[in-house]
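Asker: Got a sequence here, can you model it:
(one chain, ligands or ions: 2)
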Amino acid sequence: MNQVKTALTIAGTDPSGGAGIQADLKTFQEREVYGMSVITSVVAQNTTGVEAIEHLPIDFIEKQLHSIFSDIYPDALKSGMIATIEMMELLADTLKDKRIPFVIDPVMVAKSGDTLMEEKSRRVIRESLVPLATVVTPNIPETEILVDFKVESYESMKKAAKVIVHELGSKAVVIKGGHLNGAATDVLYDGKEFFDFTAERTNTKHTHGTGCTFSAAITAELAKGKTMEEAVGISKQFITDAIQYSLELGKGNGPTNHWGYRLKGVPSYEKGE
Ligand SMILES: Nc1ncnc2c1ncn2[C@@H]1O[C@H](COP(=O)(O)OP(=O)(O)OP(=O)(O)O)[C@@H](O)[C@H]1O
Ligand SMILES: Cc1ncc(COP(=O)(O)O)c(N)n1
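Answerer: Numbering: from 1, shown residues only. Ligands and ions are numbered 1, 2, ... in the order given. Just a heads-up that it's a prediction; the model follows:
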């Protein structure tokens, strides 16, 4: 019998291959789930920044979703760049009755500083999509927009995590500490307990697509039936290795290395190796 698990990403593109849909599909492949994608926006970008953005017509995004859900029903899905309120409403409507893990990476601004989500959509995502999430994975600036207060310390990350779960309605949240100083500590809160995931900070500017890769790995692990704590733990190792072996490609911030864990000689994280 075919046992392969399937994962879907709903996001924007990165022709330079380090972020967005391209990073998600590479990650799904490395984590050994069958990857599928629905494209929301086509982005002309590379390691130096974003040149132009073209949003696909809303009815065409709807058709892509229909093509997937009527044929290969995913075991888990994630959303990345969802730029407009219209897209958020379509997703909320499509996903509200789907009983599969839904990971939201609330992509707002690229590392380069370019805007990937319309200003007016930033608050709307709180009401439209976050309540449907199994887990939301904001970085620090995204967390501040979601909760409306400054997040500058570990304690304020925990306070924000409680707001995202208990007031905004996500089942769980992972607040990523990549933007703070010191060790790279992420905080998972599942509504009851906090779990810290800490890795040594790699001194590199090649971090294009870290958030996409991390959330895609979580999606893949949830598709395989891992618990939230296991999925985040495996994904933290995966992104840490991808950053440690990141690629000096392009003229700006190069991409992470999706096969970094293999260079480290770790065959699989599943056995706790
Ligand atoms: N220099 C680093 N060394 C080690 N881990 C890092 C580093 N930078 C980020 N991370 C880790 O990478 C993951 C992604 O976090 P980050 O805060 O970079 O996400 P992000 O800002 O959403 O990414 P993106 O730029 O793709 O939107 C987290 O687990 C974070 O702790
Ligand atoms: C389509 C798309 N989605 C997400 C990101 C965020 O990644 P980063 O902040 O590392 O550029 C991106 N650049 N492009």
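
Asker: Residue 64 belongs to a helix, doesn't it?
Answerer: Yes - checked against DSSP: H, G, I helix; E, B strand; the rest coil, residue 64 lies within a helix.

Asker: At the geometric centre of the protein, which residue do we find?
Answerer: residue 215 (3.1 Å; Cα atoms, centre = their mean).

Asker: What residues does residue 211 make contact with?
Answerer: Residue 211 makes contact with 105, 107, 137, 139, 176, 178, according to Cβ atoms under 8 Å, 6 or more residues apart in numbering. Every C-beta, even on glycine, is put in place using the N, C-alpha and C of the backbone.

Asker: The closest residue in space to the fourth one that isn't next to it in sequence: neighbouring residues, count only.
Answerer: Taking Cβ to Cβ, 6 or more residues apart in numbering as the measure, residue 139 lies nearest to residue 176, with 4.8 Å between them; neighbours along the chain are not counted. Here the count is done by other Cβ atoms under 10 Å, and residue 176 has 25 residues near it.

Asker: cool, residue 64 as well?
Answerer: Residues near residue 64, counting by other Cβ under 10 Å, number 16.

Asker: The nearest residue to it once chain neighbours are set aside and residue 44: what is the separation?
Answerer: In space, and not counting its chain neighbours, residue 64 is closest to residue 38: 4.3 Å by Cβ to Cβ, 6+ apart. When distance is defined by Cβ to Cβ, to the nearest Å, residue 38 is 19 Å away from residue 44.

Asker: re the thing from before, SS state for the residue nearest to residue 64?
Answerer: Under the three-state scheme (three-state DSSP), residue 38 adopts strand.

Asker: quick one, what contacts it?
Answerer: Taking Cβ under 8 Å, 6+ apart, one finds 8-11, 61, 64-65, 68 in contact with residue 38.

Asker: Of those residues, which ones also sit close to ligand 2?
Answerer: Applying Cβ under 6 Å from any ligand atom to the contacts of residue 38, one finds that residue 11 fall near ligand 2.

Asker: So which of the contacts of residue 38 belong to strands?
Answerer: 8-11 (DSSP state E).

Asker: which non-adjacent residue is nearest residue 238?
Answerer: residue 217 (4.6 Å).
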